[in-house]
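*Asks:* Prediction below, plus the sequence it came from.
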Amino acid sequence: MPPAPVTVVALVAEPVTAMPRAAGAARRRRWWPYGLVVVLLAALGGCGISATDTPVDEGDPVSSGDVSLGTEAPPTEDKATTPADQVTNFLKVAAGGLASATERVKRYLTQEAREAWQDPPNPENPPLTVIRLLGTPITGAVIGDTTPVTVKYQVVGTMTGGLGRIEDLADPSERQMRFDIVGDASGSLRISRIDYLGSPPQGLLLSDAALSEYYLTRPIYFWDSGYATLVPDVRYVPRTVTPDKRSTLLLEGLLGGPSSWLSGGVQRLPAGTAKAGDVVTGTDGTLMVRLSAQETTPDALRRLKIQLQWTLAGDTGQRVELFVDDQPVTFDGVDYRQYNRSYVGEAVAYDVADNKVVGISITPPVLSAVENANVVAAAIGDKSALAAFVRTDGPNRRYLQFVRAGRQGHVDAQFGRIATLGRPSFVPGTDVVLVPTGANGHLLAVSAADGSYANALHSVDGVTAVAVSPDGRRVAFVADGQVYVSYLIVGNNSVTVGSSPRPILPGQADVSAVTWTSESELKVGGATAIWRVTADGGFAENQSGKLNGLRILDLVCNPEWRAQGQVGVYATTQQGVYSFRNTFVPTQLHAPFFGY
């Protein structure tokens, strides 16, 4: 047997398990400019949404506080009744990592296989390699007392021990491995051999189906580069440990810093900040955090407490009490909620119909401008007072104009007509839109103040679709049929994209559209596929079986704060616009979008 690091595998064919919530925890439906919210669907009855396509319970959102789930153990070695099920369970059993993971994995092996086993480095906290299964395990013909089971997979990346982040995205090429399954003396199934049919993954194997079943997908928060707003960073926290241990792991995630793909756009904790004890829950439910720190200015401590409140408790109302060097840190009158734009943002629904933008729930004055004509795509910002119209004045002639309510005239973008100009997205807190210019062009950042523009992204060309995240400091975009995420650098009313975008569905080459469905998840669509994907690409659910011949040309969604699973999305297809949650339902909309 090769060394035993932990590898995470995603079973694409398996459904995503909805995450339960704490009893009494509130659900929060919210609006955001760049997509579609489920609540809106009920208000669109006059727009052709069917009566059955009303808001439904899509499963519990990820709770940001103590979810009180207790411990949930991965499957034991005696649970499976078929060889294929035994392989599926083996690829889940390392869930949670930590010291017991290696021993749980070894129990699936025959005595001979255990004797040949080599423990992974750092067995107290072994690395986990995340892999994505391409289809279901294939059971071969029995040879003697052995049943071979083959799986096809991609390596997603490495899950960093207790930090719960997936790093080191791998080559997306398809791989295979074969498991030999035998029965032991008691009739239980065991693995006698694993043939990796090539280079073995470096880690204990863990499927991304296990990420769904045995982990909570939780954001931790870092300040943006200007300390203006918080930026979420995805973490996977095991259900297999106690709530206090989960909180401690989230704290350690903050101390360990952001994911590599996000690190250039956010601030790490001040140097010298360290854990002085595990997080514990007091008798009144307060989470108590003890740290040591070198930087103890009032501003630094205030920022630290706001980060901890959002990371450990979110909007649940649960208090976080911070002690730095054994001294309590208190601030009066600090409303920590205002620093999370994903939570406080409000959005309005629009449609482009009859060559102009029309309001669905409200019609702001900016839409009465004479420039609201010959429009093919648009964005609305600045509390519905600023419009960016992509207009056309003939075949293969699209241009961008800005109109502000209360002002005469318009501002023209300073670039010329571009036939492939796409739907723009405002960056919240700025008068800048990001606009894709097509397969042969760039992603442009255009100022509504004077129409000046700059290439916002120098490392990737040919951007055909773009969606800014709810927090306004991350972006997802499509280029050359591949979907990427990156951070945004915002300052002095300018916006640039990080230099090393992260591909989140490597190997999927027909992507045409992307939208944020929550602060931590995306929906990605193309000619033949639609996926639900976490913002780091660690988990992906293939929902393509629901397409029924539709080809995705565009996607919009109003992200639901901390939503998990199926949320309402508008999909523009070759057959018109459909709403999509569990099924695709045709609408009478033409080009829906959201403004803020």
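*Replies:* Looks like it arrived, so ask away.
*Asks:* contacting residues around residue 473?
*Replies:* Listed by CB atoms under 8 Å, 6 or more residues apart in numbering, the contact set of residue 473 reads 224, 229, 231, 265-266, 487-488, 490. C-betas here are computed from N, CA, C, even on glycine.
*Asks:* mind redoing it with 10 Å?
*Replies:* 222-226, 228-232, 262, 265-266, 341-342, 427-429, 487-490, 495 (CB atoms under 10 Å, 6 or more residues apart in numbering).
*Asks:* Spell out for me the PyMOL command that would select the buried members of the residues you listed.
*Replies:* Here is the PyMOL selection string for the buried members of those, based on 16 or more other CB atoms under 10 Å:
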select buried, resi 222+223+224+225+229+230+231+232+262+265+266+341+342+427+428+429+487+488+489+490+495
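*Asks:* In terms of residue numbering, what are the domains of this structure?
*Replies:* The record's domain parsing of the chain by automatic domain parsing lists 83-213, 217-341.
*Asks:* And these, which one averages the lowest pLDDT?
*Replies:* Among the domains of the chain, domain 83-213 has the lowest mean pLDDT, at a mean of 88.
*Asks:* Can you give the distance from that one to the centre of its chain?
*Replies:* Between the centre of domain 83-213 and the centre of its chain there are 25 Å (CA atoms, centre = their mean, to the nearest Å).
*Asks:* for stretch 528-538, same thing?
*Replies:* Its chain's C-alpha centre and that of stretch 528-538 lie 8 Å apart, by CA atoms, centre = their mean.
*Asks:* what's the answer for stretch 429-443, then?
*Replies:* 22 Å.
*Asks:* Stretch 456-475 now?
*Replies:* Averaged C-alpha coordinates place stretch 456-475 at 15 Å from its chain's average position (CA atoms, centre = their mean).
*Asks:* Please provide the alpha-carbon coordinates for the strand of greatest length in the chain, formatted as PDB.
*Replies:* Longest strand in the chain, counting residues (DSSP state E): strand 147-159. Coordinates of the C-alpha atoms in strand 147-159 are reproduced here as PDB (Å, rounded to 0.1, in the frame of the first residue of the first chain):
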ATOM      1  CA  THR A 147     -14.800  -8.600  -6.700                       C
ATOM      2  CA  PRO A 148     -13.100  -5.700  -8.600                       C
ATOM      3  CA  VAL A 149     -14.700  -2.200  -8.400                       C
ATOM      4  CA  THR A 150     -13.400   0.600 -10.600                       C
ATOM      5  CA  VAL A 151     -13.900   4.300 -10.100                       C
ATOM      6  CA  LYS A 152     -13.100   7.200 -12.500                       C
ATOM      7  CA  TYR A 153     -12.300  10.400 -10.800                       C
ATOM      8  CA  GLN A 154     -10.600  13.800 -10.800                       C
ATOM      9  CA  VAL A 155      -8.300  15.100  -8.100                       C
ATOM     10  CA  VAL A 156      -9.800  18.400  -6.900                       C
ATOM     11  CA  GLY A 157      -7.200  19.500  -4.400                       C
ATOM     12  CA  THR A 158      -5.800  19.000  -0.900                       C
ATOM     13  CA  MET A 159      -7.800  19.800   2.200                       C
END
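*Asks:* Just give the strands next to it in its sheet, each with its orientation.
*Replies:* Paired strands of strand 147-159, with direction, are strand 128-133 (antiparallel), strand 138-139 (antiparallel), strand 166-167 (antiparallel), strand 175-183 (antiparallel) (DSSP bridges).
*Asks:* do you know which of the ones you listed lies nearest residue 366?
*Replies:* Closest to residue 366 of the strands paired with strand 147-159, according to CB to CB: strand 166-167, at 41.9 Å.
*Asks:* who's in contact with the closest one?
*Replies:* Residues outside strand 166-167 that contact it (CB under 10 Å, 6+ apart) are 8, 127-130, 156-160, 208, 211, 234-236, 259-261, 534, 536-539.
*Asks:* So among those, which ones count as buried?
*Replies:* Buried residues within the contacts of strand 166-167, defined by neighbour count using 16+ other CB under 10 Å: 8, 127-130, 156-160, 208, 211, 234-236, 259, 261, 534, 536-539.
*Asks:* Buried residues of the helix or strand hosting residue 475, list them for me.
*Replies:* Here residue 475 sits within strand 474-479, counting by DSSP states H and E. Applying a neighbour-count criterion of 16+ other CB under 10 Å, one finds 474-479 buried in strand 474-479.
*Asks:* Adjacent strands (with direction) for the next helix or strand after it?
*Replies:* Per DSSP H and E, strand 474-479 leads on to strand 482-491 as the next helix or strand towards the C-terminus. As defined by DSSP bridges, the strand partners of strand 482-491 come to strand 474-479 (antiparallel), strand 494-497 (antiparallel), strand 502-503 (antiparallel).
*Asks:* Run the chain-centre distance for strand 482-491.
*Replies:* Relative to where its chain is centred, strand 482-491 has its mean C-alpha point 13 Å off (CA atoms, centre = their mean).
*Asks:* same thing with stretch 504-522?
*Replies:* On CA atoms, centre = their mean, the centre of stretch 504-522 falls 9 Å from the chain's centre.
*Asks:* mean confidence for it?
*Replies:* For stretch 504-522, mean pLDDT is 91.
*Asks:* and stretch 497-516, how far apart are its ends?
*Replies:* Start-to-end span of stretch 497-516 (CA to CA, to the nearest Å) is 17 Å.
*Asks:* For it, what is the distance to the chain centroid?
*Replies:* Centroid displacement of stretch 497-516 relative to its chain, using CA atoms, centre = their mean, is 12 Å.
*Asks:* can you start the count at 99 instead of 1 from here on
*Replies:* Understood, numbering begins at 99; the last thing we discussed is stretch 595-614.
*Asks:* and it, which residues are buried?
*Replies:* Those would be 595-596, 599-604, 606, 609-614, for stretch 595-614 by 16+ other CB under 10 Å.
*Asks:* Stretch 198-214 now?
*Replies:* Judged by neighbour count (16+ other CB under 10 Å), stretch 198-214 contains these buried residues: 199-200, 202-204, 206-208, 211.
*Asks:* Now for the residues you listed: which two are most distant?
*Replies:* Pairwise over the buried residues of stretch 198-214, using CB to CB, the maximum falls at 199 and 208, 19.2 Å.
*Asks:* wait, residue 602 sits on residue 612?
*Replies:* Yes. Residue 602 is within contact range of residue 612, at 9.0 Å (criterion: CB atoms under 10 Å).
*Asks:* on that earlier part again, could the domains of the chain be laid out in CSV, adding distance to residue 648?
*Replies:* Listed next are the domains of the chain as CSV, based on distance: least, CB to CB, whole Å:
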stretch, distance to residue 648
domain 181-311, 22
domain 315-439, 27
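*Asks:* Can you say which of those domains is nearest to residue 544?
*Replies:* domain 315-439 (20.3 Å).
*Asks:* how long is that closest one from one end to the other?
*Replies:* One end of domain 315-439 sits 19 Å from the other (CA to CA).
*Asks:* do stretch 226-238 as well
*Replies:* 28 Å.
*Asks:* now do stretch 619-634
*Replies:* Stretch 619-634 has an end-to-end distance of 8 Å (criterion: CA to CA).
*Asks:* what about it, distance to the chain center?
*Replies:* 10 Å.
*Asks:* That stretch: which residues count as buried?
*Replies:* So, applying 16+ other CB under 10 Å, buried residues of stretch 619-634: 619-624, 627-634.
*Asks:* Find the nearest non-adjacent residue to residue 554, please.
*Replies:* In this structure, residue 554 finds its nearest non-sequential neighbour in residue 543, 3.9 Å apart by CB to CB, 6 or more residues apart in numbering.
*Asks:* Just the CA coordinates for the helix or strand encompassing the one you found, please, in PDB.
*Replies:* Using DSSP H and E, residue 543 sits in strand 541-545. These are the backbone C-alpha positions of strand 541-545, laid out as PDB (Å, rounded to 0.1, in the frame of the first residue of the first chain):
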ATOM      1  CA  LEU A 541     -12.900  42.300 -19.100                       C
ATOM      2  CA  LEU A 542     -13.200  46.000 -18.900                       C
ATOM      3  CA  ALA A 543     -13.700  48.200 -15.700                       C
ATOM      4  CA  VAL A 544     -15.600  51.200 -16.900                       C
ATOM      5  CA  SER A 545     -16.200  54.400 -14.700                       C
END
